[in-house]
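Asker: The following comprises the amino acid sequence and a computationally predicted model.
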Amino acid sequence: MTAGGAESITALIRAWTDGDQTALERLTPLVYEELRRTARRYMRNERLGHTLQTTALVHEAYLHLMGGKDAGWHDRAHFFAAAAQIMRRILVDLARAHGAQKRGGGLEHIDHSAGFNPDEIPAPGTDRSIELVALDDALMRLEKIDGRKAKVVELRFFGGLSVEETATALKLSPQSVMRDWRLARAWLARELRA
């Protein structure tokens, strides 16, 4: 997204939260396409026909976001940070449900000794959904230790935000985001192997 596009989204978000309904009409196609790109990233390596399709993930996240007019989005980065949280919850909830259905309740232990690819999100509704649940559990543990690093992972991994966008959302320098991203990925990989 260009800087002008980001400014446009920010201006439209502010106008919408101030009550301008025409701003919502102009905002919708812009944020919808961004959400679709993020959702496609989640689904790019998955087989056809798994339980969650890209469009369904986008619609679910979009309904949550657009139902939250009172959330007072500050700008594009804030909006997409919220989208990352919502998509994370949707994906993890579906992965937990899939694990419970497939195994008659409760998720089984998975061996992560082979390593976890922090650049590829396992989709819910697949055999790899257990990895997504394990990642979410590890991310919650990281939140207790270092909330900022956990937020960087959430925005970059689940939200698909760039280093610069993450820096803007968290009011950090891009260098701090990259340092947190590297350290958090190493910490999560170690946790998932333990």
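Answerer: Noted; the coordinates are in hand. Numbers count the residues shown, from 1 in each chain.
Asker: Look up the closest residue to residue 15, ignoring the ones flanking it.
Answerer: Computed as C-beta to C-beta, 6 or more residues apart in numbering, the closest residue to residue 15 that is not its neighbour in sequence is residue 23, at 3.6 Å. To be clear about C-beta, it is placed using only N, CA and C from the backbone, and glycine gets the same treatment.
Asker: So which elements touch the helix or strand where that neighbour lies?
Answerer: Following DSSP states H and E, one finds residue 23 within helix 21-43. Using 3 or more C-beta pairs under 8 Å, 6 or more residues apart in numbering; DSSP states H and E as the contact criterion, the neighbours of helix 21-43 among helices and strands are helix 3-17, helix 54-66, helix 76-102.
Asker: Make JSON lines out of the ones you listed and add distance to residue 189 and mean neighbour count.
Answerer: Shown next, in JSON lines, are the helices and strands packed on helix 21-43 (distance: least, C-beta to C-beta, whole Å; neighbours: other C-beta atoms under 10 Å):
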{"stretch": "helix 3-17", "distance to residue 189": "31", "mean neighbour count": "16"}
{"stretch": "helix 54-66", "distance to residue 189": "25", "mean neighbour count": "18"}
{"stretch": "helix 76-102", "distance to residue 189": "18", "mean neighbour count": "20"}
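Asker: Take those and lay them out in JSON lines including distance to residue 178.
Answerer: Listed next are the helices and strands packed on helix 21-43 as JSON lines, based on distance: least, C-beta to C-beta, whole Å:
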{"stretch": "helix 3-17", "distance to residue 178": "20"}
{"stretch": "helix 54-66", "distance to residue 178": "26"}
{"stretch": "helix 76-102", "distance to residue 178": "17"}
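Asker: Can you say which of the ones you listed is nearest to residue 193?
Answerer: helix 76-102 (19.5 Å; C-beta to C-beta).
Asker: Setting aside sequence neighbours, what's the nearest residue to residue 26?
Answerer: Residue 26's closest residue in space is residue 12 (C-beta to C-beta, 6+ apart), at 5.6 Å.
Asker: Can you check the pLDDT for the one you found?
Answerer: We have a pLDDT of 86 for residue 12.
Asker: Compare the helices and strands packed on helix 21-43 and give me the one nearest residue 131.
Answerer: Nearest of the helices and strands packed on helix 21-43 (C-beta to C-beta): helix 76-102, 8.4 Å.
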